[in-house]
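Enquirer: fold the following, please.
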Amino acid sequence: MLNDQTYHPAGYLFRLSFMELWRNRFGLVLLVTIPLIFLAVVEGTSGTQTIPIKLFFGDETREILLSQHSVNLVFIGSAVLGFLTAYYAIILFHRNFEYYKYCIGIGLSPASFLAARGLFFLTVILLLGGMISLAVSGMVDIQQAAGLFLGFVLIGVIYGIIGGILGVISSDFMVAILGVVLLANLDAGWLQNPVFYTSAQETDLIQWLPAFFPTQVVFAAAFTDDWNSRGLWMSLLLTFVLTIVLFGIIYLKIYRVRRWQNRSDTYIMK
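Expert: Residues are numbered from 1 along each chain as shown. Take a look at the predicted model:
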């Protein structure tokens, strides 16, 4: 399989990551259809009454009136994207280091391994974010399409990294899934929903949850002409911190695998 010398080892890993996803046809179908199903259900069931929601632009808090239908569609797009990316990150990184043993044989360094896996995962997030952005834009009058897409991508990246962390530190796949379901359901699925929790939007707990700042970027782009700079920078800061944590844990795991491989090679040579 690896006889084509034009490929860098990291390129092979990116290609193999794509093949893993492509072979899982049922999972690939669910990855595409679940957001569309949720959006279709919300489209058919949301009310049209007007509700007030608060948007947090740094020191300024704006209250705007929006239809429940529009708010629910934008929100459900964010929540579903967060859950799906976290779920796929668990699949991508959970117990992935047994697989890395075979990557050592083709000269794959830890940095190349992380870059290839991370780049492929970012590609998946961009595709999902673009698909959901187009679907939501077809149902709601969006003020800033580019900002909406960026907000969706930030949610996908943040929750994807959280899913990756849970997938790496948990030896039990179901425990990692349960952690993602609980966090995504509590945070992105419930507490950030302004339809149900409008009166609690200023609660400190909600503002420290991972979905708060990217959700504010999404709502600001969807319903105003202004960028939410604070939400954007705080989302990027959170992404940076979580990335350092994830890559640090992965590097420690890879170091253990490489040490085990070196001991095995030494034993075989003896």
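Enquirer: so residue 225 versus residue 67, what's the distance?
Expert: Separation of residue 225 from residue 67 (Cβ to Cβ, to the nearest Å) stands at 18 Å. Placement of C-beta: from N, CA and C, glycine included.
Enquirer: ok, residue 176 - contacts?
Expert: Residue 176 makes contact with 90, 94, 163, 166-167, 170, according to Cβ atoms under 8 Å, 6 or more residues apart in numbering.
Enquirer: just those residues: which are in helices?
Expert: Among the contacts of residue 176, the ones falling in helices (DSSP state H) are 90, 163, 166-167.
Enquirer: most surrounded residue in these?
Expert: Of all those, residue 163 has the most neighbours under the rule other Cβ atoms under 10 Å, reaching 31 neighbours.
Enquirer: does residue 63 fall in a helix, a strand, or a coil region?
Expert: Secondary structure state of residue 63, per DSSP: H, G, I helix; E, B strand; the rest coil, is strand.
Enquirer: and what of residue 66?
Expert: Residue 66 - assigned by three-state DSSP - is strand.
Enquirer: what's near enough to touch it?
Expert: For residue 66, the contact set (Cβ under 8 Å, 6+ apart) comprises 50-51, 53, 223.
Enquirer: give the bridge partners for it, please.
Expert: Beta-bridge partners of residue 66, counted by DSSP bridges, are residue 51.
Enquirer: against residue 75, how distant is it?
Expert: 11 Å.
Enquirer: does residue 226 lie in a helix or a strand, and which?
Expert: Element membership of residue 226, judged by DSSP states H and E, is empty: it is in no helix or strand.
Enquirer: ok, it - contacts?
Expert: Residue 226 neighbours (Cβ under 8 Å, 6+ apart): 57, 220.
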